[in-house]
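Asker: Need coordinates for the following:
(4 chains)
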Number of protein chains: 2
Amino acid sequence: MIIELRANPRYAVHVIDDVTEPAAADFELSRVLAALADRHRLATVQFVARTGESWCARVMQDIGLPMSKSTFSHHLRILREAGVVTKRSEGTKSYMCVRKADLDARFPGLIDSILNADAEMVP
Amino acid sequence: MIIELRANPRYAVHVIDDVTEPAAADFELSRVLAALADRHRLATVQFVARTGESWCARVMQDIGLPMSKSTFSHHLRILREAGVVTKRSEGTKSYMCVRKADLDARFPGLIDSILNADAEMVP
DNA sequence: CTCCTAGTTGGATAATCGTAGAACGTTCGA
DNA sequence: TCGAACGTTCTACGATTATCCAACTAGGAG
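Answerer: Residues are numbered from 1 along each chain as shown, chains lettered A, B, ... in the order given. Below is the predicted model:
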């Protein structure tokens, strides 16, 4: 299910799988920061940004995230609802991608400074 | 009480009022982001950075923060322990100051991008 | 010395968050 | 057609967090 809620695409909101991915103009800084404040989500975003688009199971395995599928799915939702990543389904896989351009348009320099930081250990 | 725990000042840790303010080299990105992820703390940091050093009661009043003194004191602790701000006592007042240089040294561009973002409403 | 102002600390509480397991829907391959 | 792989949703639970009030410390003004 994909819905365009507003006429002006600049303010379009995409709803996929009951998760709302906001348009860049609607990003909220505190929400973006909260999404990135968790070590596991931060590691995920840094990894995906560096290695390119990838799907959930692959990301979890490559990073060595110590959590269940359902927990990762929860984290993915947080990231999407904040506007940090977008999701694309292909077959049974969910490919995620960091919305660098949108983030940089709304908060210039923010995502680059975060991606350039050293990756922290995932416990 | 002020203690220099390590010989090399680059890694010095300052302990003031039982609160540890880490040296720039010890900043953790996820902790900094978590400190700034709260709307009230974000507003506080943006305000102090823009208007210059100020003390707690003044900041609370000028921003219109809807919380008690003790809650603000709690938020100040979070910000200090993450390395976002430093505190200086003068008389009965606690002056806070954003550690721009330290933050920029550790995470280039991060604090500027956050300070340049529009201030969000404080509910 | 006494009071007022400024801030911190401890305890309590309600809300939020990260987590796992079970059940489920989809898609792909044998 | 059947089963395996991939991901989502629901529910529950423990941990963390934001919050307040009350009590406290410390400095400045009278």
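
Asker: what number of residues lie near A:T51?
Answerer: The tally of other residues near A:T51 (other C-beta atoms under 10 Å in any protein chain shown) stands at 12. For every residue, glycine as well, the C-beta is placed using N, CA and C.

Asker: what residues are up against it?
Answerer: If you count contacts by C-beta atoms under 8 Å, 6 or more residues apart in numbering or on different chains, A:T51 has them with A:D62.

Asker: Distance check, it against A:T44.
Answerer: Distance, A:T51 to A:T44, by C-beta to C-beta, to the nearest Å: 11 Å.

Asker: Touching both of the two, which residues are there?
Answerer: Counting by C-beta under 8 Å, 6+ apart, A:T51 and A:T44 have no common neighbour.

Asker: Name the residues of the helix or strand bottoming out on mean pLDDT in chain A that are buried.
Answerer: None of the helices or strands of chain A scores lower by mean pLDDT, DSSP states H and E than strand A:14-16, at a mean of 75. Buried residues in strand A:14-16, counted by 16 or more other C-beta atoms under 10 Å in any protein chain shown: A:H14.

Asker: Give the buried residues for whichever helix or strand comes after that strand.
Answerer: Per DSSP states H and E, strand A:14-16 leads on to strand A:19-21 as the next helix or strand towards the C-terminus. Using 16+ other C-beta under 10 Å as the burial criterion, the residues of strand A:19-21 that qualify are A:E21.

Asker: sorry, back to before: just checking, what packs against the least confident helix or strand of chain A?
Answerer: Counting contacts by 3 or more C-beta pairs under 8 Å, 6 or more residues apart in numbering or on different chains; DSSP states H and E, strand A:14-16 packs against strand A:19-21.

Asker: what sits opposite A:W55 in the beta ladder?
Answerer: For A:W55, the beta-bridge assignment (DSSP bridges) gives partners A:Y95.

Asker: and the least confident helix or strand of chain A, how far from the chain's centre?
Answerer: 14 Å (C-alpha atoms, centre = their mean, to the nearest Å).

Asker: and if you look at stretch A:36-46?
Answerer: Offset of stretch A:36-46 from its chain centre (C-alpha atoms, centre = their mean): 9 Å.

Asker: Using PDB, write down the CA coordinates of that stretch.
Answerer: What follows is stretch A:36-46, C-alpha atoms only, in PDB (Å, rounded to 0.1, in the frame of the first residue of the first chain):
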ATOM      1  CA  LEU A  36      20.300   7.800  15.500                       C
ATOM      2  CA  ALA A  37      20.900   7.900  19.300                       C
ATOM      3  CA  ASP A  38      20.600   4.100  19.600                       C
ATOM      4  CA  ARG A  39      24.000   2.300  19.100                       C
ATOM      5  CA  HIS A  40      22.400  -0.400  17.000                       C
ATOM      6  CA  ARG A  41      20.500   1.900  14.800                       C
ATOM      7  CA  LEU A  42      23.500   4.200  14.400                       C
ATOM      8  CA  ALA A  43      25.700   1.200  13.400                       C
ATOM      9  CA  THR A  44      23.000   0.100  10.900                       C
ATOM     10  CA  VAL A  45      22.800   3.500   9.200                       C
ATOM     11  CA  GLN A  46      26.600   3.900   9.100                       C
END
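
Asker: Tell me if that stretch is near DNA strand C.
Answerer: Yes - Stretch A:36-46 comes into contact with DNA strand C (C-beta under 7 Å from any atom of the strand), by way of A:A37, A:D38, A:H40.

Asker: so A:K87 sits in a helix?
Answerer: No - according to DSSP: H, G, I helix; E, B strand; the rest coil, A:K87 belongs to no helix; its state is strand.
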